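Asker: Provide a 3D model corresponding to the input given below.
(chains A and B)
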2 protein chains.
Amino acid sequence: MTDRFEIHQKNFKELFYPSSVAIIGTNNVKGTVPHDILINVLHTGFTGKVFPVSPGETSVAEVKAYKYVIDITEPVDLAIIVFPSSVCHLALEQCGQKGIKTVIIISAGFKEVGEAGYERELKLKEIAEKYEMSIIGPNCLGVINTDPGVNLNASFARKMPEEGNIGFLSQSGALCTAVLDYARAKHIGFSKFISFGNKVDINEIDLLHYLGDDKETKVILIYLEEIKDGSALMKTASDIILKKRKPILILKAGRTSAGASAAASHTGSLAGSDEICDAAFEQAGIIRCDNIEEMFNYAIAFVYQPLPENKRIAIITNAGGPGVLTTDAAIKEGLELAQFSENTTKILKKNLPSTANIRNPIDVIGDAKCDRYNIAMSNAFKDDNVDGVLVILTPQSMTDIDLIAYEVVKVAGQYNKPVYTSFMGEADVSTGVDIVQRNRIPHYILPESMCKSFACVYKFKERSFRKTVENEIYTDIDRSIAHSILDEAIRDGRSYLTEEESVRIVKSYGLPALKNGVAKSGEQAVQIADNIGYPVVMKVISEDIVHKFDVKGVELNIKSAEEVQETYSSIRRNVESLQPDALIKGIFITKMIPAGEEIILGIKRDPSFGPVIMLGTGGIFVEIFKDVCFRVAPVSKQVAISMIQQLNSYQLLIGKRGNPSRDIEAILNCILRLSQMAVECPQIKELDINPLIVLDENKGCFVADAKIML
Amino acid sequence: MTDRFEIHQKNFKELFYPSSVAIIGTNNVKGTVPHDILINVLHTGFTGKVFPVSPGETSVAEVKAYKYVIDITEPVDLAIIVFPSSVCHLALEQCGQKGIKTVIIISAGFKEVGEAGYERELKLKEIAEKYEMSIIGPNCLGVINTDPGVNLNASFARKMPEEGNIGFLSQSGALCTAVLDYARAKHIGFSKFISFGNKVDINEIDLLHYLGDDKETKVILIYLEEIKDGSALMKTASDIILKKRKPILILKAGRTSAGASAAASHTGSLAGSDEICDAAFEQAGIIRCDNIEEMFNYAIAFVYQPLPENKRIAIITNAGGPGVLTTDAAIKEGLELAQFSENTTKILKKNLPSTANIRNPIDVIGDAKCDRYNIAMSNAFKDDNVDGVLVILTPQSMTDIDLIAYEVVKVAGQYNKPVYTSFMGEADVSTGVDIVQRNRIPHYILPESMCKSFACVYKFKERSFRKTVENEIYTDIDRSIAHSILDEAIRDGRSYLTEEESVRIVKSYGLPALKNGVAKSGEQAVQIADNIGYPVVMKVISEDIVHKFDVKGVELNIKSAEEVQETYSSIRRNVESLQPDALIKGIFITKMIPAGEEIILGIKRDPSFGPVIMLGTGGIFVEIFKDVCFRVAPVSKQVAISMIQQLNSYQLLIGKRGNPSRDIEAILNCILRLSQMAVECPQIKELDINPLIVLDENKGCFVADAKIML
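Answerer: Numbering: from 1, shown residues only, chains lettered A, B, ... in the order given. Purely as a prediction, here's the structure:
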């Protein structure tokens, strides 16, 4: 962890719980940000002192104003700068002199407008480092802390949100305004709400770490447009998820390349590959959301209700159709419909009308009042086979919506199992929806979203309570072999290694390369082949040749010394005639092995997440069926297993469909060793093992071809 | 078309536009369906006469009541029966006597409660047929016609919906209540709203046909739990879509098997395979929706705005983040971001602030008022490169939401291109949302839904304006060959044909079967093989053997007469020792052909949609990668092409990835001939051609194995 990280963590207390705030650059022009932000601090019950700083005014909003921040005689914990971007650094310098440790810079006109703005940011950074200050922003909406002990609305949001247990971080200020407005209508409360803008200093990792420790925050939501340090994000997130059991939900923009370019013109972001981002989030246990609705659908489920023990749900409805739709959705999301105990069934049968459906989904029928909902819910909760209850209501002519809503709240409070609701419709059901929302019962317009949210919470519970395994480090590896080959090639200005070099590196990391050798003459070729044992494969070695097959530089299944001798000459002849300019460094000879399942293994470097391990099904599969998966290195044994199992061809590897079962343990070993190589050899830009030939169980696997790019 | 269909179409005028309505079984107990439905007819401005019929009352709701419907002296166009299910048939009989042609039976207690209810339905049906009456229901919410000329609310819905151009049909009454409540909050209007319940008489096909012709209905929405006559649904829908250009959106419950079983206990439905339902809808041009929100998201786009010429959209936003998210969503949905003309760019640059982003997405910046939205929208509309405009608003502190909403409405009215909106948030934006919704501008809470809806509308436009091709009928087929083999096997009580019989049928339909013959002796085998030409394949023929390989009953690549002679004996020996009870009918000999791409072709029968053609990639692909697609027969050439193109392995067939390009024309021919076979030979329950070996371009393809189940 860097010094800045430590400094921020120390300063965060003053950012979120200041005793005094200076608003620097405020004025008396209503309807402008510099004015409105002061009003927000003043009028939302902030418990500390407020100091307007305005070079041109003696008072702002009827509060005495100071010309400069250094004119304030009392101590100031937090400064909010709303000056034009061109002079922010001057104000910041004065904050430093005054000994202020935390500063929010609201002003826009920095990195997002290009070079000049970028220069301005460098100045801010320098000043912050000099004074050990921490800066939020610039180009942001500000910071909100709903803790009644502070009541700080240091933002230009229209209204202060309700108190709650959701911590929200956003790279986009404007999106925050939509989020706050969306949440307010649904009585969704926040613990801390932070728009961090261009993150010149404090970034999402610093804030994430803080929220991980924050007692008021039970779930963390983040909107991101770029990920600079993916591995720090993964590590911080993973720690919070596993140690604090706090879910982290991220909405990451720039999924598509056009979206990424819009993001680039917006905050100058560089988006990495979205597929790898998906994989990295999954690996770290981060829940990736597709839109803000989904994000809050999940968030309320996490903060309002206990985690379910298992995934067996009871559905309660007053209408058949929606019951069917909900069942469809539940099954699609991998949930199970609980099988009620005999006792439950008996009680339901006795207490519900004969036309009611007492099996799951329980249909209490269109004329149901709150008493029937009570019976159905209470008995579902009491049943040991039920892990959670989903309540559906349609506004039929006899439905007393509000009373049923109160009943749901009452019954839910008596059991420690989750209950979610979907009152379908919008106009007439609105008062009932309001009742459940105010009472922290998750409500969803669509039963489909309700099921999806339950599944998300269940998956989190399953995963964050799972025992994790530490990464194994192989000690039988002499990494100096790889480094010397790589460093020499880099010194020579080469952009890739020859196959022979690539195989040597792969072998040095303990991957099962085939016996091989390089021949510079026909006699040498025969010697090597004799030593390897027949049949063999022969391939030309040349840095000038990219596709060896195209120049007839490869021969397979060579069965005798005579054939080797002859092939040595014919390959040279072929290459000389088809690519006369190619410098031939020799002929590479390996063992020809029996057919097995072909797998592709690789290393890539992602600009956000660093070393990435790829595993795929070989041959045409990888290209046509995209049967491939990624994980960020280092990968643990657990993760490596999940990679293999994720492939469609896993079915083949374990010997289904009449296939022999293959040596999965050997693949696992290769993935883990490759992962270690990816971490220990940053010189490798890309690596492809294509194919890795996997033989039958206990027979191992072999690297048939390897290629390393620098 | 059946008689009943014609009778319903004739009677629909009296159902939807009655001059007089009798409510049979009403009473004075407020808050009950029999009472409330009368109130609904009376108090929502129905323009005709109303006759309460109530055996126990002299007046209901202060209107003179009749003891029996036959006591009414004036003519009655429509009767609504709300009696208990046990006496509905008596009331219906009287309706018949009275000469009433259309009846809505609201009462529950029929098919959905089991055998007794089913018997009651049979009685209703009989009476309806006797009097040439048409019945909606039973077990339904009723019928609504918002046409101001009638204003008929013949339902027990809480409130009458607004007038509009959406026709809605629902199998579930309760779902209707949710739909009406949902629509009312969003000012979504309906032309006709019909809950058809158990469809004892009038079904969704009858109603669909009527709405297809109905001038007030521009888009048709259907909620279905079962599909009985899939091919009639496809035909009717397809006609309406292609001839009337009316989109049809269906929400079909029972996607999963658990969902289907919930549906079965609900309305006694039998759900077909969901995958085939998807394919059939796609084939007919029906838009399948996943939930009611999606359904209305699409519906308002269709009824409020013109269809786009193409898919190049302009995005206008006052916030960068949402612009990125919308771009992501648009690209994901297959839309294109319009490239503005130089002129547009010039005008935007001149008229928007320098910090604005004048490229697409246009960012008018957080402090934008309605004038900037006007500039951005007007110029986007004027640009020939723009086919539609998506407007995003976030409620920032300076955003004048209502004025911008009015501006959007104003500008949208000046151009004949579609505009959709997303005012993000919920509380503060609500008044603005209300303004656009009242003015028939589609609004979406999520930009993602907005893009999805645009893509849906564009796809409909593309597809419904496409020229369709009539199905080709092959005249070179002698169907009597197939029929005689099939009929004989059925007479013998067999459940499948031998390979030899299957191949004969396939061949009779002009599919390229390999030269073959059946040998009963070694000498005959040699004769046949000589005639076919070497190499050949030999397989045992026996009805008792399912897997020929398991009993060593197959030998490949037999190259000479001697080998044939020897193999004839060895196969017999193998089978006799491994499955002594198997009756050997002979040895089947075919040509051994060169390797090609392996394809699977098949016929299945779906309970809802009838004959279905399957096409898949052969070998392990079909099982591991599920690279398979379905279409309902008969398939046109256009549809057959779409099947081939849908396969992942299409890339291989057209010769990518170093593969030779294969004879696609030959596959096409096989699909079309198989489609004709599926239609003409209903005796075939299932057929598998596995594999069909496809050779290189112009070299044809061959049926290597065929199996027909009866």
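
Asker: what's the following helix or strand after the helix or strand of chain A with the lowest mean pLDDT?
Answerer: Counting by mean pLDDT, DSSP states H and E, the weakest-scoring helix or strand in chain A turns out to be helix A:257-267, with a mean of 54. Following helix A:257-267 in sequence order, the next helix or strand is helix A:274-284 (DSSP states H and E).

Asker: Can you get me a residue count around A:Val63?
Answerer: Applying other CB atoms under 10 Å in any protein chain shown, we find 13 residues neighbouring A:Val63. (Each C-beta comes from the backbone N, C-alpha and C, glycine too.)

Asker: try the one 5 residues further on
Answerer: Here the number of neighbours of A:Tyr68 (other CB under 10 Å) works out to 16.

Asker: how close does the closest residue to it other than its chain neighbours sit to A:Val76?
Answerer: Leaving out its chain neighbours, the residue that sits closest to A:Tyr68 by CB to CB, 6 or more residues apart in numbering or on different chains is A:Gln94, at 5.9 Å. Using CB to CB, to the nearest Å, we find A:Gln94 at a distance of 11 Å from A:Val76.

Asker: Looking at the two, which is more packed in?
Answerer: Looking at A:Gln94 and A:Val76 with other CB under 10 Å, you find the greater number of neighbours at A:Val76, namely 25 against 20.

Asker: Please look at that one and A:Ile24 and confirm they touch.
Answerer: No. Between A:Val76 and A:Ile24 there is no contact under CB atoms under 8 Å: 9.7 Å.

Asker: so what sits against both of these two?
Answerer: A:Val69, A:Cys95 (CB atoms under 8 Å, 6 or more residues apart in numbering or on different chains).

Asker: rewinding a little: element containing the residue nearest to A:Tyr68?
Answerer: Following DSSP H and E, the helix or strand that holds A:Gln94 is helix A:88-98.

Asker: Can you name the secondary structure element that comes next after that helix?
Answerer: strand A:102-105.

Asker: Could I get the buried residue list for the helix or strand just after that following strand?
Answerer: Using DSSP H and E, the helix or strand that follows strand A:102-105 in sequence is helix A:115-131. Judged by neighbour count (16 or more other CB atoms under 10 Å in any protein chain shown), helix A:115-131 contains these buried residues: A:Gly117, A:Arg120, A:Glu121, A:Leu124, A:Lys125, A:Ile127, A:Ala128, A:Tyr131.

Asker: Report the contact partners of the second one.
Answerer: Contacts for A:Arg120 (CB under 8 Å, 6+ apart) come out as A:Ser85, A:Ser86, A:Cys88, A:His89, A:Gly109, A:Phe110.

Asker: tally of neighbours for the first one?
Answerer: In other words, A:Ser85. 20.

Asker: quick one: it and A:Ile106 touch, right?
Answerer: No. Using CB under 8 Å, A:Ser85 makes no contact with A:Ile106, being 10.4 Å away.

Asker: tell me, what's touching the two both at once?
Answerer: A:Pro138.

Asker: Could you list the contact residues of the stretch 351-500 of chain A toward chain B?
Answerer: Residues of the stretch 351-500 of chain A lying close to chain B (CB under 8 Å from any CB of the partner chain) are A:355, A:357, A:359, A:361, A:363, A:366, A:394-399, A:424-430, A:445-448.

Asker: hmm, 7 Å instead?
Answerer: On the criterion CB under 7 Å from any CB of the partner chain, chain B has as its neighbours in the stretch 351-500 of chain A the residues A:355, A:357, A:361, A:366, A:394-398, A:424-429, A:445-446, A:448.

Asker: related to what we said a few turns ago, nearest to chain B, out of the contacts of A:Arg120: which one, please.
Answerer: Nearest to chain B, judged by CB to the nearest CB, of the contacts of A:Arg120 is A:Gly109 at 7.7 Å.

Asker: who are the neighbours in contact with the closest residue to that closest one other than its chain neighbours?
Answerer: Leaving out its chain neighbours, the residue that sits closest to A:Gly109 by CB to CB, 6+ apart is A:Ser85, at 3.2 Å. Going by CB atoms under 7 Å, 6 or more residues apart in numbering or on different chains, A:Ser85 touches A:Ser107, A:Ala108, A:Gly109, A:Phe110, A:Gly117, A:Arg120, A:Pro138.

Asker: got the domain boundaries for chain A?
Answerer: A:3-301, A:308-464, A:515-592, A:597-709 (automatic domain parsing).

Asker: got the residue ranges for the strands in the stretch 201-350 of chain A?
Answerer: Ranges of strands in the stretch 201-350 of chain A, per DSSP state E, counting those that start in this stretch, are A:219-224, A:248-252, A:287-289, A:312-317, A:336-337.

Asker: Which element, helix or strand, includes A:Ala582?
Answerer: For A:Ala582, there is no helix or strand it lies in under DSSP H and E.

Asker: coming back round to it: the strands of the stretch 201-350 of chain A: which one's closest to B:Glu14?
Answerer: B:Glu14 lies closest to strand A:312-317 among those, at 35.1 Å (CB to CB).

Asker: which other helices and strands contact the closest one?
Answerer: With contacts defined as 3 or more CB pairs under 7 Å, 6 or more residues apart in numbering or on different chains; DSSP states H and E, the packing partners of strand A:312-317 are helix A:320-332, strand A:362-363, helix A:370-382, strand A:388-393.

Asker: which other residues reach stretch A:302-314?
Answerer: Here stretch A:302-314 makes contact (CB under 7 Å, 6+ apart) with A:164-166, A:218-219, A:247, A:330, A:335-338, A:360, A:362, A:380, A:385-390, A:416-419, A:440-442, A:454, A:457-458, A:461.

Asker: Flag the shaky bits of chain A, pLDDT-wise.
Answerer: Across chain A, the ranges flagged by pLDDT under 70 are A:1-2, A:256-272, A:619-623, A:657-658.

Asker: try 50 this time
Answerer: Counting by pLDDT under 50, the low-confidence segments of chain A come to A:1, A:264-272.
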